[in-house]
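S.K.: give me a model of this one.
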Amino acid sequence: MGKAADNERLRLRASFYNNVGVGALVGGVLLPYLAIHQISPNTVIDLQWAYKFLVPMALAFAVAIAVRIRAEAPVRRIKD
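M.R.: Below is the predicted model:
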């Protein structure tokens, strides 16, 4: 392959990882955050509540960060 084709392949790979990271943020952080606002103010916040909302949010955020770091590797290999 030529240099332009190699660069395009690397850009597409980085774009894929970025999109996976965005999906993890939307699916794992934003949706539970919006679900929290549907809970009535009289609800007692206990440990089960934390497991339902905060743990998945933290895991999704960690996955999104890891995928974003993974997306930087192909970008570094792009040649001018």
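S.K.: give me the contact list for the lowest-mean-pLDDT helix or strand in the chain.
M.R.: In the chain, the helix or strand scored least confidently by mean pLDDT, DSSP states H and E is helix 31-36, which has a mean of 79. Applying CB atoms under 8 Å, 6 or more residues apart in numbering, the contact partners of helix 31-36 are 52, 53, 56, 57. Every residue, glycine included, has its C-beta placed from N, CA and C.
S.K.: between these, which has the most around it?
M.R.: residue 57 (19 neighbours; other CB atoms under 10 Å).
S.K.: in this structure that residue contacts residue 29, no?
M.R.: Yes - proximity of residue 57 to residue 29 meets the contact threshold set by CB atoms under 8 Å, at 5.0 Å.
S.K.: buried residues in the top helix by length along the chain, which are they?
M.R.: For the chain, the longest helix by residue count, based on DSSP state H, is helix 47-76. For helix 47-76, the neighbour count (16 or more other CB atoms under 10 Å) marks 53, 57, 60, 63, 64, 67, 68, 70, 71, 74 as buried.
S.K.: save those residues as CSV, and put in distance to residue 14 and pLDDT too.
M.R.: Listed next are those as CSV, based on distance: CB to CB, whole Å; pLDDT from 0 to 100:
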residue, distance to residue 14, pLDDT
53, 31, 80
57, 25, 86
60, 20, 90
63, 17, 92
64, 15, 91
67, 11, 93
68, 10, 91
70, 9, 92
71, 5, 91
74, 5, 87
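S.K.: adding distance to residue 25, write those out as TSV.
M.R.: Formatted as TSV, those follow (distance: CB to CB, whole Å):
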residue	distance to residue 25
53	15
57	10
60	7
63	9
64	5
67	10
68	9
70	15
71	13
74	20
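S.K.: widest-spaced pair of those residues?
M.R.: Pairwise distances across the buried residues of helix 47-76 peak at 33.7 Å for 53 and 74 (criterion: CB to CB).
S.K.: residue 9 versus the nearest residue to residue 28 once chain neighbours are set aside, what's the distance?
M.R.: Leaving aside its sequence neighbours, residue 28 sits nearest to residue 60 (CB to CB, 6 or more residues apart in numbering; 2.1 Å). Here the distance between residue 60 and residue 9 works out to 28 Å (CB to CB, to the nearest Å).
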